[in-house]
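*Asks:* Pasting the sequence and the predicted model now:
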Amino acid sequence: MATSKQDNTFPRPFSTQELVTQALKYDFTNKRTLKSWLRASQLLATQAAICEQDGDLQKAFLYLIRHSDLWMVKMMQHPEYDNPEFKEERVAGRRAVQENLKKLEQWKPKITWEYEMWVKSVERRKAERQRVEAMRLSDQRESVASDKRRAVSLENDDGGDFARSPALDVNKNKKLAVDLAHREIRRRDATKQSTRQAGIPPDTVAVRRQGIVVEDEDVANAENSNGGGLGTTGEGVRQAGQMLQHPSQRQSRPSQQQQQKHTVSSYQYPSIPAREGTMHWSMPALQPTVSRAPPSVPAKAPLDRFINQHDGTPPAIPARPQVSLPPRSQTATPEEQPRPTFKATATTESGDLLRPVLLPPDLRTTFLNLAHTNTAANLETCGILCGTLVSNALIINHLIVPDQNSTSDTCDTTEAGDNELFDFCDNKNLLVCGWIHTHPSQSCFLSSRDLHTSSGYQVMLPEAIAIVCAPRHNPDWGVFRLTDPPGLQHVLQCEQKATFHQHRETKLYTDAGSPGHVVEGEGLRFEVVDMRKVK
């Protein structure tokens, strides 16, 4: 799930075709358990919900396309997919995909309009630069100096109105990042409270955020009546999945989703900026397009209407309606000032951007206090780092210690603890940003077992980290990520069964601290949730 080398200082809109192309680029392997991919799909749904809540439909669109591809194409090829153990997850996942496809169709007009407006603004500025340059060449009078200065200004203008907000280096603005995170998290909590007071159960809100409409029972009924299949509704999902896998078939195979009647869930969330949370990708050459105003939301259509064939042919554009806009105020009020976003300054080994991760400095001490009894008994302890996305920065604001089994060299969550952990994250709309664990007697490093654990977090969240605390050694802690490449890809393909084993590849992981993407934010508050049955 990589981003590109492109600088994300000033985000610009992308076309739906560009978003689809990038959404389908991620590492999938059947060598990981199906359960781990189910968790990955939950992470994608959560990221999409956060981006939608923040008004960033482009990133939400990308995450839901990837979520749909994971369910409709990739996981259906997994050898464990038809296992009766996962029947309930299959029903919920397919239902989520169906509702998400309708949501994607609703978002497409706005995404397309923003992209076309951006293209037009670039063309307009290019024409203005050419005009000023022509004036400079044809008129050598003194007054041309002012136009020349204007041309320089325009040369640095990246999209006019679409240069939405200033992008700051979180390393140089730590206090601002912490304050912004606290304010935004308080605002979101207030929004949730208002939702509860309006009489909408929290479970219903969480389900809707994943695109699942619980009233629609036709999928579950089909699953029960067809021995694991989905009947007519399921065939619509499978057909859409085949369209994702084989773009050339999209025009020739009509989707039966057109014939289905669904209840569409909707939300009304405030807006803030974010990348894949300000995600940027390498793009094909832009084609001039005709500008139009945002159209009204169309009726639901099959998947092939928003996933265009990858032949570069732009969709037909309707006539532009006449819209009367009020004059723009010359002086922005404080409320109109765009919220800053935090730019990615670190990259992977391939040059892909990594969003900054803001880590509470005292989280390690808190965790070591929780692990003290185990550490004294030479037993490992592990915790999960969870958080949210605020202005393109991942904010770790939860330390969760799940129920677990420990030895001197290993620590594993129990099945019940794993389920409780992810249920909690779903209910709180939290992203799993990595993990933390102790080495009671060993030094600070990632073992082969640790590498496999980290790969599960990092495959769907490139910024995911692993913190190791080794209180008896110096250094006594470190924060790491798998290299990408070669570490992540090598570990994902590893088939060795031994708990500890050698890898033929070297440089499998690296330090994620300064100058990496992890930044300690003084004063950043976090919540501790200890789920262990025996402490």
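*Replies:* The structure has been received and is ready for your questions.
*Asks:* How about the contacts made by the nearest residue to N374 once chain neighbours are set aside?
*Replies:* Closest residue in space to N374, ignoring its immediate chain neighbours: T381 at 4.5 Å, by C-beta to C-beta, 6 or more residues apart in numbering. C-betas here are computed from N, CA, C, even on glycine. Listed by C-beta atoms under 8 Å, 6 or more residues apart in numbering, the contact set of T381 reads 367, 370-371, 374-375, 401, 404, 406, 411, 437-438.
*Asks:* Kindly reformat those as a markdown table containing neighbour count.
*Replies:* Conversion of those to a markdown table gives the following (neighbours: other C-beta atoms under 10 Å):
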| residue | neighbour count |
| --- | --- |
| F367 | 23 |
| L370 | 19 |
| A371 | 25 |
| N374 | 20 |
| T375 | 20 |
| V401 | 22 |
| Q404 | 23 |
| S406 | 21 |
| C411 | 22 |
| H437 | 22 |
| T438 | 26 |
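*Asks:* Now render those residues as a markdown table, adding secondary structure and pLDDT.
*Replies:* As requested, the contacts of T381 are exported to a markdown table (DSSP: H, G, I helix; E, B strand; the rest coil; pLDDT from 0 to 100):
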| residue | secondary structure | pLDDT |
| --- | --- | --- |
| F367 | helix | 98 |
| L370 | helix | 98 |
| A371 | coil | 98 |
| N374 | helix | 97 |
| T375 | helix | 97 |
| V401 | strand | 98 |
| Q404 | strand | 97 |
| S406 | strand | 96 |
| C411 | strand | 95 |
| H437 | strand | 98 |
| T438 | strand | 98 |
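*Asks:* Quick check: T375 touching L368?
*Replies:* Yes. Counting by C-beta atoms under 8 Å, T375 sits close enough to L368 to count as a contact (7.3 Å).
*Asks:* Give the residues shared as contacts by those two.
*Replies:* 438, 471.
*Asks:* can you give me the helices for this structure?
*Replies:* 16-23, 34-53, 57-69, 87-138, 144-155, 174-197, 202-209, 218-225, 231-245, 363-370, 372-376, 415-428, 448-458, 487-493 (DSSP state H).
*Asks:* Could you identify which of these is most buried?
*Replies:* The highest mean neighbour count among the helices of the chain, using mean count of other C-beta atoms under 10 Å, belongs to helix 57-69: a mean of 26.
*Asks:* Compute the inter-axis angle for it and helix 16-23.
*Replies:* 50 degrees (axes from the mean of the first three to the mean of the last three C-alpha atoms, to 10 degrees).
*Asks:* just checking, what packs against helix 57-69?
*Replies:* Applying 3 or more C-beta pairs under 8 Å, 6 or more residues apart in numbering; DSSP states H and E, we find helix 57-69 packed against helix 16-23, helix 34-53, helix 87-138, helix 231-245.
*Asks:* From R481, how far out is the closest residue to S455 other than its chain neighbours?
*Replies:* For S455, ignoring the flanking residues on the chain, the nearest one in space by C-beta to C-beta, 6+ apart is V491 at 4.4 Å. From V491 across to R481, the span is 12 Å (C-beta to C-beta, to the nearest Å).
*Asks:* Find residues that contact each of the two.
*Replies:* Listed as contacting both V491 and R481 by C-beta under 8 Å, 6+ apart are S454.
*Asks:* residues in contact with stretch 472-482?
*Replies:* By C-beta under 8 Å, 6+ apart, the surrounding residues in contact with stretch 472-482 are 359, 364, 439-446, 451, 454-455, 458, 463-470, 488, 491, 508-513, 516, 518.
*Asks:* how long is that stretch end to end?
*Replies:* Separation of the first and last residues of stretch 472-482 by C-alpha to C-alpha, to the nearest Å is 24 Å.
*Asks:* Can you list the buried residues in that stretch?
*Replies:* Using 16 or more other C-beta atoms under 10 Å as the test for burial, stretch 472-482 gives 477-482.
*Asks:* From those, which land in strands?
*Replies:* Of the buried residues of stretch 472-482, the ones assigned to strands by DSSP state E are 477-482.
*Asks:* Closest to S121 out of those residues?
*Replies:* For these, the residue nearest S121 by C-beta to C-beta is R481; the value is 36.9 Å.
*Asks:* Quick check: bridge partners of the closest one?
*Replies:* Here R481 sits in beta bridges with T510, going by DSSP bridges.
*Asks:* ok, it to H452 distance?
*Replies:* Distance from R481 to H452, counting by C-beta to C-beta: 14 Å.
*Asks:* ok, now F61?
*Replies:* 32 Å.
*Asks:* Then T345?
*Replies:* Using C-beta to C-beta, T345 is found at 29 Å from H452.
*Asks:* tell me the pLDDT at R39?
*Replies:* Predicted confidence (pLDDT) for R39: 93.
*Asks:* Sorry, wrong one. I was asking about D189.
*Replies:* The model's pLDDT for D189 equals 89.
*Asks:* pLDDT averaged over stretch 46-55 - what is it?
*Replies:* Per-residue pLDDT over stretch 46-55 has a mean of 90.
*Asks:* can you check stretch 516-535 too?
*Replies:* pLDDT averaged over stretch 516-535 gives 95.
*Asks:* circling back to that earlier point, just the buried residues of the contacts of stretch 472-482.
*Replies:* Neighbour-count burial (16+ other C-beta under 10 Å) is assigned, among these, to 359, 364, 439-440, 444, 446, 451, 454-455, 458, 463-470, 488, 491, 508-510, 512-513, 516, 518.
*Asks:* just for this protein, where's the confidence low?
*Replies:* Scanning the chain with the threshold set as pLDDT under 70 gives 1-11, 140-165, 200-338, 535.
*Asks:* how does it divide up, domain by domain?
*Replies:* The chain breaks down by automatic domain parsing into domains covering 1-165+208-278+303-308, 346-530.
*Asks:* right, and these - which one's nearest N171?
*Replies:* Comparing the domains of the chain by their distance to N171 (C-beta to C-beta), the top pick is domain 346-530, with 5.8 Å.
*Asks:* Show the end-to-end separation of the closest one, please.
*Replies:* Per C-alpha to C-alpha, the first residue of domain 346-530 is 32 Å away from its last.
*Asks:* Please apply the same query to stretch 350-360.
*Replies:* Where stretch 350-360 begins and where it ends lie 28 Å apart, using C-alpha to C-alpha.
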